[in-house]
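S.K.: Return atomic coordinates for the entry below.
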Amino acid sequence: MIETLVVEDEPHLAAAHAQYVERVPGFVAAGSVHSGREALEFLHRTGADLVLLDFYLPDMSGLEVCRGLRANGVEVDIIAVTSARDAATVRAAVAHGVVLYLIKPFTFAAFREKLGAYAAYRGRLTGSDTAQHEVDLAFSALRTSSGGPLPKGLSGDTLSAVVEALREAGEPRSASEVAEGVGIARVTARRYLELLADRGMVERQPRYGGAGRPEHGYRLVD
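M.R.: Have a look, this model is predicted:
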């Protein structure tokens, strides 16, 4: 499980974000704090795998929290969850090691997509040594599950649902099986699956043994 700390100064938002974390498979809320000082103390004392960091805190900025963590040798990944959207702040966030950026307000689907992208990134960097294509796949995951702009007629929410269906299955699934699980037409499911395959997020595997034309099985790349 990916232990996730929520850093948000508004208690009701902190509680909502922690609930969101618990709804995403593979993640658990390690705690919620409401200031930069509390965040630094929590991470120094308890630690976490991931921080969901608001940049507007009552005692210091999110960037100051990032600097404090790095200065104290605290190795933790950070996703900015904030209303700060000016280009200077975004560039500074990247320079301070923020791996993903989620602008408020957002839907649960957008939240889930960011965490899913982070989980894919983390899952692809598990060995002690990695090849170039494995590094490329890991960084491509940080472009989120959609991997960039979608073709006309495709929905980010539906794409997230397709990715989640494959993740929950844990084994190859056909377009028909994904369509049934998500509640969409088979031809629609196949469009999303082929898009994910083209972007390196999913691999195709031939499936035989049934009547009629053989289908491909699709599985998320490990």
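
S.K.: elements contacting the helix or strand hosting Glu194?
M.R.: Assigned by DSSP states H and E, Glu194 falls within helix 186-198. When contacts are defined as 3 or more CB pairs under 8 Å, 6 or more residues apart in numbering; DSSP states H and E, helix 186-198 sits against helix 156-169, helix 175-182, strand 202-207, strand 215-220. (Glycine included, C-beta is placed from N, CA and C.)

S.K.: Not counting it itself, show me its contacts.
M.R.: 147, 150-151, 154, 158-159, 162-163, 175-176, 178-179, 182, 202-204, 216, 218 (CB atoms under 8 Å, 6 or more residues apart in numbering).

S.K.: what angle sits between it and helix 175-182?
M.R.: Interaxial angle, helix 186-198 versus helix 175-182 (axes from the mean of the first three to the mean of the last three CA atoms, to 10 degrees): 110 degrees.

S.K.: What are the buried residues along helix 186-198?
M.R.: In terms of neighbour count (16 or more other CB atoms under 10 Å), helix 186-198 has its buried residues at Thr188, Ala189, Arg190, Arg191, Tyr192, Leu193, Leu195, Leu196.

S.K.: and what of stretch 162-172?
M.R.: For stretch 162-172, burial by neighbour count (16+ other CB under 10 Å) applies to Val162, Val163, Glu164, Ala165, Leu166, Arg167, Ala169, Pro172.

S.K.: Ok, stretch 91-101 next?
M.R.: Ala92, Ala93, His96, Val98, Val99, Leu100, Tyr101.

S.K.: Also stretch 112-129?
M.R.: Across stretch 112-129, burial judged by 16+ other CB under 10 Å covers 112-124.

S.K.: all helices of the chain, in order?
M.R.: Here the chain has its helices, by DSSP state H, at 11-23, 36-45, 62-71, 87-95, 108-123, 132-141, 156-169, 175-182, 186-198.

S.K.: picking up where we left off before, can you lay out the helices and strands packed on helix 186-198 as a markdown table showing distance to Ala84?
M.R.: Shown next, in a markdown table, are these (distance: least, CB to CB, whole Å):
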| stretch | distance to Ala84 |
| --- | --- |
| helix 156-169 | 22 |
| helix 175-182 | 34 |
| strand 202-207 | 33 |
| strand 215-220 | 32 |
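
S.K.: List just the one of these that sits closest to Gln19.
M.R.: The closest of the helices and strands packed on helix 186-198 to Gln19 is helix 156-169. By CB to CB, the value is 17.2 Å.

S.K.: So which elements touch the closest one?
M.R.: helix 108-123, helix 175-182, helix 186-198, strand 215-220.

S.K.: what about the longest one, distance to the chain center?
M.R.: Its chain's average C-alpha position is 1 Å from that of helix 108-123, according to CA atoms, centre = their mean, to the nearest Å.

S.K.: and if you look at the shortest one?
M.R.: Counting by CA atoms, centre = their mean, strand 215-220 is centred 21 Å from the centre of its parent chain.

S.K.: any low-confidence regions in this structure?
M.R.: Flagging of the chain using pLDDT under 70 yields the residue ranges 125-150, 208-214, 222.
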